[in-house]
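>>> No sequence on hand, only this structure:
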């Protein structure tokens, strides 16, 4: 891959008209291929379920308190899982936080071997809340909301794929930065902004793009998703009013790609929006566990080994878990002290599967993290860089597991991808089962949960998205 470096001294864009190309894609696209729509429905259902479970997280409680104390109420848009309707921007914020609260949401998959597989964006968390919030405010159809959502996801993912990998490696959280463009695209489409307005919405989004990975393992990570979704709605609102911005926010020497990444690959985005759609290729991964996506190949493989060999925690002497060097760079909590840190702890994820045989929302709690048996098992997990995994390339999440048993046996396995990835995808019914688990965790009425499952399954038939949002409130 050739990374395009721009010169800040030059007063011209490095790739003429790239921002305009993106805006034309948003304005001119009238439909999405049927197979892409069906794949997207799984992520939409997943996002709504996660917003429900996120509403009962501590962060959901704090968001509810913030909105109440700030006097933000009486709007047209639903805060999922709460008895609260607010303006679209704040509904987008609250629901973005909710979807990302448990780090259980879908993940974009990188293509280039110099990029870290699974570490581009969480595409639904910024895009869907903006589409639902604006769509509900105007009474948009299910088809229109899905179109706006897909346009947002597509732009977000192509921007993340194009930017120099330094962007993520040096500390930016791409869900926060690239996600702002997703929300702006979705909101602009639903508002039916023209080309000039959409260019300005992207310009406004670019100057709001922010979020640092140092905050991983804290409430700021889901805050990033919420704020990016809110910022995109704000960008479309101001563009509609006539607010002025640059017309080359992506490609300019002082624009997003250069300022945030030090360069980009034009071939990953110019002429590539919708060719192919990211949902179709390389795909988006839906998580079976509420933890960082880089833990999932190891968790998938360990569960297989446990079931195949009848492994009991008490019979395990040590577990070696080897990956490429980029994975420990993200899974930074080796002795987690709370549930948020546990999501970025390979050691915890291995330990809880060995002890409890599962790793869902009930397992990722502060109480479980503090259990003495969990802490003791974490000490038996050796998370390290393995040369074989390193050689496999960063476009995989290769995880090599060696379980050393007390009887002298070593049970080994390897996985490049986890359950829920395009290589091992979830069906709609499997996503529905995950949704039901999230709804149950939120103590959501079963009848309303089942209606949500069936409504999203045939979302193109819905004349007014408000019918779906009533089931979420």
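That came through fine. This one's a predicted model, so the numbers in the text were calculated from it and none came from an experiment. Residues are numbered from 1 along each chain as shown.
>>> quick one, what contacts the residue nearest to the spatial centre of the chain?
For the chain, the residue sitting closest to the mean C-alpha position, by Cα atoms, centre = their mean, is residue 122 at 1.7 Å. Contacts for residue 122 (Cβ atoms under 8 Å, 6 or more residues apart in numbering) come out as 100, 105-108, 175, 179, 225. Just so you know, the C-beta spots here come from the backbone N, C-alpha and C atoms, and that holds for glycine as well.
>>> mind pulling up the phi and psi values for the closest residue to residue 257 other than its chain neighbours?
Spatial nearest neighbour of residue 257, excluding adjacent residues (Cβ to Cβ, 6 or more residues apart in numbering): residue 264 at 3.9 Å. Dihedral angles of residue 264 (phi, psi; degrees, to the nearest 10) stand at phi -160, psi 170.
>>> which stretch of helix or strand covers residue 329?
For residue 329, the element it lies in under DSSP states H and E is helix 326-330.
>>> again, but for residue 37
With DSSP H and E as criterion, residue 37 is part of helix 34-55.
>>> buried sites along that helix?
Across helix 34-55, burial judged by 16 or more other Cβ atoms under 10 Å covers 36-37, 39-55.
>>> ok, residue 309 - contacts?
Residue 309 touches residue 411, counting by Cβ under 8 Å, 6+ apart.
>>> should've said residue 317
Residue 317 touches 380, 404-406, counting by Cβ under 8 Å, 6+ apart.
>>> For it, report the pLDDT, please.
In this model, residue 317 is scored at 98, pLDDT.
>>> Then it would be within a strand, right?
Yes: under DSSP: H, G, I helix; E, B strand; the rest coil, residue 317 falls within a strand.
>>> Would you mind measuring from it to residue 380?
As for residue 317, its distance to residue 380 is 7 Å (criterion: Cβ to Cβ, to the nearest Å).
>>> same thing with residue 445?
42 Å.
>>> Same check on residue 151?
47 Å.
>>> neighbour count winner among those two?
A count of neighbours by other Cβ atoms under 10 Å puts residue 151 above the other of residue 151 and residue 380, at 26 against 17.
>>> Looks to me like that one is in a helix.
Yes: assessed by three-state DSSP, residue 151 belongs to a helix.
>>> all strands of the stretch 101-250 of the chain, in order?
Taking DSSP state E, counting those that start in this stretch as the criterion, the stretch 101-250 of the chain contains strands spanning 107-108.
>>> in it, what spans have low per-residue confidence?
The stretch 101-250 of the chain contains residues with pLDDT under 70 at 112-119.
>>> just the helices in it please.
Under the criterion DSSP state H, counting those that start in this stretch, the stretch 101-250 of the chain contains helices at 124-138, 142-162, 166-169, 174-190, 195-208, 220-241.
>>> what packs against the shortest one?
Going back to what we said before, that points to helix 166-169. Packing partners of helix 166-169 (3 or more Cβ pairs under 8 Å, 6 or more residues apart in numbering; DSSP states H and E): helix 174-190, helix 256-261.
>>> List the buried residues for that helix?
Buried residues in helix 166-169 (16+ other Cβ under 10 Å): 167-169.
>>> follow-up on the earlier one: can you flag the buried ones in the contacts of residue 122?
For the contacts of residue 122, buried by 16+ other Cβ under 10 Å: 100, 105-108, 175, 179, 225.
>>> how close does residue 88 sit to residue 379?
Distance from residue 88 to residue 379, by Cβ to Cβ: 48 Å.
>>> In terms of neighbours, single out the busier of those two.
For the pair residue 88 and residue 379, the greater number of neighbours falls to residue 88 (28 against 11), based on other Cβ under 10 Å.
>>> who's in contact with that one?
75-77, 130, 133-134, 136-137, 187, 233.
>>> residue contacts, residue 215?
173, 221, 223-224.
>>> contacts for stretch 329-337?
Taking Cβ under 8 Å, 6+ apart as the rule, stretch 329-337 contacts 116, 119, 169, 213, 216-217, 292, 294-295, 341-342, 344-348, 369, 375, 378, 383.
>>> Could I get the contacts of residue 122 in JSON lines, plus columns for distance to residue 268?
As requested, those are exported to JSON lines (distance: Cβ to Cβ, whole Å):
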{"residue": "100", "distance to residue 268": "25"}
{"residue": "105", "distance to residue 268": "23"}
{"residue": "106", "distance to residue 268": "20"}
{"residue": "107", "distance to residue 268": "18"}
{"residue": "108", "distance to residue 268": "12"}
{"residue": "175", "distance to residue 268": "18"}
{"residue": "179", "distance to residue 268": "17"}
{"residue": "225", "distance to residue 268": "23"}
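>>> now, which of those residues sits nearest residue 237?
residue 179 (17.1 Å; Cβ to Cβ).
>>> Relative to residue 290, how far out is that closest one?
19 Å.
>>> do residue 380 as well
23 Å.
>>> With residue 410 instead?
For residue 410, the distance to residue 290 - Cβ to Cβ - is 30 Å.
>>> Then residue 239?
Taken as Cβ to Cβ, the span from residue 239 to residue 290 is 36 Å.
>>> Please say which of the two ends up with more neighbours.
residue 239 (27 against 24).
>>> Can you check the pLDDT for the residue located most distally from the centre of the chain?
For the chain, the residue at maximal distance from the C-alpha centroid (Cα atoms, centre = their mean) is residue 407, at 41.7 Å. For residue 407, the pLDDT comes out at 97.
>>> Can you report how many residues neighbour the closest residue to it other than its chain neighbours?
Nearest residue to residue 407 in three dimensions, chain neighbours excluded: residue 315, at 7.1 Å (Cβ to Cβ, 6+ apart). Other residues lying near residue 315 total 14 when counted by other Cβ under 10 Å.
>>> And for the one 3 residues further on?
Residue neighbour count, defined by other Cβ under 10 Å, stands at 14 for residue 318.
>>> what secondary structure does the closest residue to it other than its chain neighbours sit in?
Nearest in space to residue 318, with sequence neighbours left out and distances taken as Cβ to Cβ, 6+ apart, is residue 404 at 4.5 Å. Classification of residue 404 by three-state DSSP places it in strand.
>>> thinking residue 404 is in contact with residue 412, fair?
No: the criterion here is Cβ atoms under 8 Å, and residue 404 misses it with residue 412 at 9.7 Å.
>>> which of the two has more neighbours?
Neighbour tally, residue 404 and residue 412, criterion other Cβ under 10 Å: the higher count belongs to residue 404, 17 against 12.
>>> and the more buried one, what is it in contact with?
316-320, 410.
>>> can you check residue 431 too?
Here residue 431 is in contact with 42, 45-46, 286 (Cβ under 8 Å, 6+ apart).
>>> among these, which two are most distant?
Pairwise over those, using Cβ to Cβ, the maximum falls at 45 and 286, 9.6 Å.
>>> what number of residues lie near residue 329?
So residue 329, with other Cβ under 10 Å, has 14 neighbours.
>>> Look up how far residue 294 lies from it.
9 Å.
>>> again, but for residue 394
Distance from residue 394 to residue 294, by Cβ to Cβ: 11 Å.
>>> Comparing those two, which shows the higher neighbour count?
Between residue 394 and residue 294, residue 294 has the larger neighbour count (other Cβ under 10 Å), namely 26 against 22.
>>> Checking that one next. Helix, strand or coil?
Per three-state DSSP, residue 294 ends up helix.
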